[in-house]
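S.K.: below are the sequence and a predicted model for it; my questions follow.
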Amino acid sequence: MRILIVDDHEAVRKGVCAILSSRLDTEICGEAVNGKEAIEKAKELRPDLVILDITMPVLNGFDAAREILKILPQTLIIMLSTHLTNQLVAQAKSSGAKGYVTKNQAGGTLLQAVDSLLNNNTRH
């Protein structure tokens, strides 16, 4: 599985890369720092999964998800956020995301969310 990591904070991107590198069946194919760059990298790299921060400069994660899915409708998207509210989860779903993980729990739940998506289940 090829994964694109998108977050405007380098420490978060590197942390997510470290978490996912424990999976033998994954390859981090790229990183991006904002929603506009995420769309460009997705077009270029054609990842299977995009892990996408919600709050970013230039273009937010919800809008980036919609654009990515217009271009690559089979791409899976997991939203990553500092906050967990029903409203944000609903917005993530309406933007096409198949999962939602909070940054403070990413170490424990990100791999579970990826596994769940691989098994065709939606995880929040």
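M.R.: Happy to help now that I have it. These numbers come from a predicted model, not from an experiment. Numbering: from 1, shown residues only.

S.K.: give me the pLDDT value at the most centrally placed residue in the chain.
M.R.: Within the chain, one residue has its C-alpha closest to the average C-alpha position: by C-alpha atoms, centre = their mean, that is Ile51, at 1.4 Å. For Ile51, the pLDDT comes out at 95.

S.K.: ok but it is inside a strand, no?
M.R.: Yes: following the definition DSSP: H, G, I helix; E, B strand; the rest coil, Ile51 is counted among the residues of a strand.

S.K.: thought it was touching Gly15?
M.R.: No: in this structure, Ile51 is not within contact of Gly15 by C-beta atoms under 8 Å, at 11.0 Å. Yep, even glycine has a C-beta here, placed from its N, CA and C like the rest.

S.K.: Ser95 against Phe62, yeah?
M.R.: Yes: counting by C-beta under 8 Å, a contact exists between Ser95 and Phe62, whose distance comes to 4.2 Å.
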